[in-house]
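[1] next input, structure requested:
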Amino acid sequence: MANWLSRLGGLFKKGDAERPPDPLDILISLIDPADLRTKIRPLGGDWLCPFSGKRFLVPHWDGVTDILQVPEIMEHLLSLPEIKRQGAAAQMRPWPELAEIVTVMRLREAQNYRILSERGEWYCPFCCINTGIERRQWDGSETPLEWFIPAALKHLQQCKDYLANRLTAKSVPELLRAKGDRAIRAELLSRVCHEEIFRVCADTGAWVCPFSRRAIETINLHAVPWGEQVQEAIVSYLMSPECPGRDTLWRTAVTVADLQRAAGRLSAGHAARAEAAEELQALRKRVDNLSATATSALEVQKELRAARAAQLKMLPSRPPLIPGYEVASFYEASVELGGDLYHFLEVRPGFTGFLVGDARLPCWSNLRTAPSASWKARAWPLASAPRTCMPGSSKNTRLPCSRAPCSSSIPTGFPKP
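    The predicted model follows:
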């Protein structure tokens, strides 16, 4: 009997030994939370797998939380052939190899790895010196990456700051300060003097910024001839906080033809608004005169209808075309001559703004006795929508569109400035 029981116990032990290990136990034994190789973020909002050397987008991971608590990372690790095949014997790649993988990614895409001199030479983001390595060629085109990256890596292997901490480069503001505003200004001035994209203006002469595609009224190429004065004014604007080009280190994919089309749209819109404003101003004067002298309500109504028709000309003729959205608008004044307006604005490339203006006009009884009463107005943005359809968005999405408020729904007070 004892012999039989001993044999049965041996069978149970043999079954336990042949049971495959739990994959979660394998990961726990492989991943050390204190190992920095498990928490590498090459470009921000992502994660570098220390086993495969591949980059994955994990936007909600803060870079500090244990990766075993992130479902996307866990799923990736459990699917790795190395871990499936070798189990607890799988090995992470060495630190220098992972650091070089990250460095190559950053040389391709990171902004602080793309600071250049006025001659297109690359600034090292670790030691902040001009390496003399050509990143932009004489014609403005970028040096092929298969030439630039090996030369940059060769410099980094000799850079003491890089070897001391391979993944901690200086930020763009730090590099720009090290480079100096004088060098940046000289580089921008050279570009303004030689690149045609900085010479586009609207019909009014207002210079069109190639980064925002907006007309800058303070720089008029018709009022002041092209020369050092205008060029310095353009460079001063480009270096100011108002210019969005600072965010991209003054790089843009806009061509001269694109900018000329934008200038044409700006000119057409300016002319239409000026014509409508003149017509509306003339009709307002006529309404003011009639409000004091008219004896027939029919005559006043006729003039008000004419003023309403002129006012409607100031509204957009059609809504903007935004991929992925259907935009519609409806306007109806509570009386013949309303004071509410709306408009569609191109805030910057890829973003459209929706603006509604609410103007206050004294009641009709006061209008007859005070023809020159001023208009109080305020405006606020309704929505700002990207021109590109976001992942997962519906093609039939409608942006909010509301009926113009009637006089009873308009608030009586205005916020203090």
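[2] least confident secondary structure element in this structure?
    Taking mean pLDDT, DSSP states H and E as the measure, the chain has helix 364-369 as its least confident helix or strand, at a mean of 36.
[3] show me where this structure has strands.
    46-48, 55-57, 121-123, 130-134, 206-208, 215-220, 340-348, 351-360, 376-386 (DSSP state E).
[4] just the mean pLDDT for the last one, thanks.
    What it means is strand 376-386. Averaging pLDDT along strand 376-386 gives 39.
[5] then the fifth one?
    pLDDT averaged over strand 206-208 equals 89, rounded to a whole number.
[6] equivalent analysis for the fourth one, please.
    When pLDDT is averaged along strand 130-134, the result is 88.
[7] neighbouring strands of it in the sheet, and parallel or not?
    Strand 130-134 has these partner strands in its sheet, going by DSSP bridges: strand 121-123 (antiparallel).
[8] buried set for the strand it pairs with?
    Trp122, Tyr123 (16 or more other C-beta atoms under 10 Å). Glycine gets a C-beta too; all of them are placed from N, C-alpha and C.
[9] which residues touch it?
    Strand 121-123 is contacted by residues 115-117, 129-135, 148, 152, 175, 178-179 when judged by C-beta atoms under 8 Å, 6 or more residues apart in numbering.
[10] stretch 204-221 too?
    Residues from elsewhere that reach stretch 204-221, judged by C-beta under 8 Å, 6+ apart: 197-202, 222-223, 230, 233-234, 237-238, 243-245, 248, 250, 252, 254, 259, 262-263, 266-267, 270, 346, 348-349.
[11] for ChimeraX, write a command that selects the buried ones of those residues.
    To isolate the buried members of the contacts of stretch 204-221 in ChimeraX, using 16+ other C-beta under 10 Å:
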select :197,198,199,200,201,202,230,233,234,237,238,243,244,245,250,252,259,262,263,266,267,346
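[12] can you list the domains in the protein?
    Under the assignment automatic domain parsing, the domains of the chain span 22-93, 97-179, 181-257, 316-406.
[13] would you single out the least confident of the ones you listed?
    Among these, domain 316-406 carries the lowest mean pLDDT (a mean of 58).
[14] filter the contacts of strand 121-123 down to the buried ones.
    Going by neighbour count (16+ other C-beta under 10 Å), the contacts of strand 121-123 have Ile115, Leu116, Ser117, Thr131, Ile133, Glu134, Arg135, Phe148, Ala152, Leu175, Lys179 buried.
[15] show me which positions of stretch 158-177 end up buried.
    In stretch 158-177, counting by 16+ other C-beta under 10 Å, buried: Cys159, Asp161, Tyr162, Arg166, Leu167, Ala169, Lys170, Val172, Leu175, Leu176.
[16] could I get those residues in CSV, plus columns for distance to Asp25?
    Shown next, in CSV, are the buried residues of stretch 158-177 (distance: C-beta to C-beta, whole Å):
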residue, distance to Asp25
Cys159, 42
Asp161, 41
Tyr162, 38
Arg166, 32
Leu167, 30
Ala169, 38
Lys170, 42
Val172, 44
Leu175, 46
Leu176, 50
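[17] tell me which of these fall in helices.
    Per DSSP state H, helices hold the following members of those: Asp161, Tyr162, Val172, Leu175, Leu176.
[18] neighbours around the residue lying closest to the last one once chain neighbours are set aside, how many?
    When you say that, I think you mean Leu176. In space, and not counting its chain neighbours, Leu176 is closest to Ile184: 6.5 Å by C-beta to C-beta, 6 or more residues apart in numbering. Other residues lying near Ile184 total 20 when counted by other C-beta atoms under 10 Å.
[19] wait, Ile184 sits on Leu175?
    No: Ile184 lies out of contact with Leu175 (C-beta atoms under 8 Å); the separation is 10.4 Å.
[20] so who does the closest residue to Leu259 other than its chain neighbours touch?
    The spatial neighbour of Leu259 that comes closest, neighbours along the chain excluded (C-beta to C-beta, 6+ apart), is Val200 at 4.5 Å. For Val200, the contact set (C-beta under 8 Å, 6+ apart) comprises Trp207, Val208, Pro210, Val256, Leu259, Gln260, Ala263.
[21] pull the contacting residues for the last one.
    With C-beta under 8 Å, 6+ apart as the criterion, the residues that contact Ala263 are Val200, Cys201, Ala202, Asp203, Val208, Ala215.
[22] how close does the residue nearest to Tyr342 when sequence neighbours are not counted sit to Thr65?
    Distance criterion C-beta to C-beta, 6+ apart; nearest residue to Tyr342, sequence neighbours excluded, is Val356 at 4.8 Å. Distance of Val356 to Thr65, given as C-beta to C-beta, to the nearest Å: 43 Å.
[23] those two: which has the busier surroundings?
    Val356 (19 against 13).
[24] report the beta-bridge partners for that one.
    Tyr342, Trp380.
[25] is it in contact with Leu345, as I believe?
    No: in this structure, Val356 is not within contact of Leu345 by C-beta under 8 Å, at 11.5 Å.
[26] what segments of this protein are helices?
    Using DSSP H, helices in the chain cover 2-18, 23-30, 71-79, 81-86, 95-109, 145-156, 160-164, 172-179, 181-194, 228-238, 256-293, 297-312, 364-369.
[27] so which of these comes closest to Asp46?
    With C-beta to C-beta, the closest approach to Asp46 among the helices of the chain belongs to helix 95-109: 9.2 Å.
[28] for the closest residue to Gln137 other than its chain neighbours, what are its contacts?
    Distances taken as C-beta to C-beta, 6+ apart place Thr143 nearest to Gln137, at 5.8 Å, with adjacent residues excluded. By C-beta under 8 Å, 6+ apart, the contact list for Thr143 reads Gly120, Glu134, Arg135, Arg136, Gln137.
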